[in-house]
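Asker: Build the 3D model from these lines:
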Amino acid sequence: MKKVQSRIDLVVRTEAAVEVQSYSPHDIFFCPEESQFYSQCLDRMVFKQCTSSDRVIEFGAGDGSPVISGLLRAEFAGKIHGYELGKAASEVAQARIRHYQLNDKYRVYNQCFFQGLNSTPANYLIANPPYLPAPDDRILMPTLHGGTDGAAISNRLLSVGCETVLLMISAYSNPVGTIQHAIDRDYCVINFMVTPLQFGYYSSEPKVRNWITELRKQKKAFYSSNIYFLAGVLFQKKHLAKIDLSDEFLRVITAL
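Answerer: Numbering: from 1, shown residues only. This next block holds a predicted model:
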């Protein structure tokens with residue numbers, strides 16, 4: 001299993017002082033490479049396209065770092081409402097938002113996304129959703145469980161109905177099924193970005209990795225001995241889309 005430090009030290013700047021708080025990787029999701037790529041996808045495919053009238057909702061804000069990094073790079077004119085169930089992660093996110101004075105652009109609520117959905121109507125939905133496939137959620141970090149094929153939460157988010165949706169999709173989490181689910185709900189792929197990643201701390205847990213091997217036999221997981229692909233995929237309702245890259249995306253994400 002790929003090693004990760006047993007505790008994560010996060011610098012949280014408050015109005016009074018700079019504090020270093022320590023968290024377990026079981027409490028707050030920690031994968032700098034993935035978070036950085038998610039931020040790049042947000043920057044290029046969402047933030048630079050939004051207008052002042054656009055409202056963005058985020059499923060699973062985590063510690064807020066991907067969105068905050070993107071906002072510090074882009075001239076974003078809209079508003080983002082993020083939802084995060086984890087208390088520790090949401091507290092870190094809120095502290096970081098205050099430090100960078102982004103309260104007018106980004107808010108994170110410590111509550112269920114689906115409960116808060118009706119109170120924050122939006123035309124954009126963004127998420128790096130839980131996508132670890134496993135037979136159940138008894139894994140190192142249960143909140144990362146994405147169902148038996150890893151795509152359950154991604155598919156549920158595509159059923160919310162937002163006009164434009166940016167999702168991070170893993171090649172080992174039944175990407176073909178997710179694209180078909182999107183098509184069935186009147187979406188098409190209008191843009192995507194792909195990066196190679198090595199199996200990390202969470203995906204290398206034997207229970208998870210063995211399950212991914214079984215999914216590969218069913219042609220629901222695609223990877224090599226060294227890497228898998230992670231993609232940021234921008235979906236849009238067909239009546240708004242000017243292009244459909246669904247076929248091209250599938251050829252790329254299933255290449256390994």
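
Asker: mind checking how far D43 is from C50?
Answerer: 11 Å (C-beta to C-beta, to the nearest Å). Quick note: C-beta positions are derived from backbone N, CA and C, even for glycine.

Asker: wait, G62
Answerer: Distance from G62 to C50, by C-beta to C-beta: 21 Å.

Asker: cool, Q101 as well?
Answerer: In terms of C-beta to C-beta, Q101 sits 19 Å off from C50.

Asker: got it, and T254?
Answerer: 31 Å.

Asker: So the two - more neighbours on which side?
Answerer: C50 (20 against 14; other C-beta atoms under 10 Å).

Asker: pLDDT score assigned to that one?
Answerer: Looking at C50, its pLDDT stands at 87.

Asker: What of S65?
Answerer: 95.

Asker: which residues touch it?
Answerer: 35, 39, 93, 96 (C-beta atoms under 8 Å, 6 or more residues apart in numbering).

Asker: Next SSE downstream of the host helix or strand of M168?
Answerer: Following DSSP states H and E, one finds M168 within strand 164-170. From strand 164-170 onward toward the C-terminus, using DSSP H and E, the following helix or strand is helix 175-184.

Asker: Please export the C-alpha coordinates of that next one as CSV.
Answerer: What follows is helix 175-184, C-alpha atoms only, in CSV (Å, rounded to 0.1, in the frame of the first residue of the first chain):
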residue,chain,number,x,y,z
PRO,A,175,-16.9,5.0,-16.4
VAL,A,176,-18.8,3.3,-19.2
GLY,A,177,-21.9,2.9,-17.0
THR,A,178,-21.6,6.5,-15.8
ILE,A,179,-21.6,7.9,-19.4
GLN,A,180,-24.6,5.7,-20.3
HIS,A,181,-26.4,7.0,-17.2
ALA,A,182,-25.6,10.6,-18.3
ILE,A,183,-26.9,10.0,-21.8
ASP,A,184,-30.1,8.5,-20.4
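
Asker: Run through the neighbouring helices and strands of the helix or strand that it is followed by.
Answerer: For helix 175-184, the following helix or strand on the C-terminal side (DSSP H and E) is strand 187-197. When contacts are defined as 3 or more C-beta pairs under 8 Å, 6 or more residues apart in numbering; DSSP states H and E, strand 187-197 sits against helix 32-42, helix 175-184, strand 228-237, helix 246-253.

Asker: C162 is nearest to which of the ones you listed?
Answerer: Set against C162 and scored by C-beta to C-beta, these come closest in strand 228-237, at 8.6 Å.

Asker: Direction-wise, compare the closest one with strand 164-170 and give the angle.
Answerer: Interaxial angle, strand 228-237 versus strand 164-170 (axes from the mean of the first three to the mean of the last three C-alpha atoms, to 10 degrees): 160 degrees.

Asker: what comes up buried for strand 228-237?
Answerer: Within strand 228-237, the residues scored as buried using 16 or more other C-beta atoms under 10 Å are 228-237.

Asker: who's in contact with L42?
Answerer: 66-67, 70, 126, 166, 232.

Asker: okay, the helices and strands packed on strand 187-197, which one's buried deepest?
Answerer: strand 228-237 (a mean of 23; mean count of other C-beta atoms under 10 Å).

Asker: could you list every residue that touches the residue positioned nearest the centre of the chain?
Answerer: The C-alpha lying nearest the average C-alpha coordinate of the chain belongs to N128 (C-alpha atoms, centre = their mean; 0.4 Å). Neighbouring residues of N128 by C-beta under 8 Å, 6+ apart: 34-35, 38, 60, 62, 66, 167-168.

Asker: Then G60?
Answerer: Here G60 is in contact with 83-85, 113, 127-130 (C-beta under 8 Å, 6+ apart).
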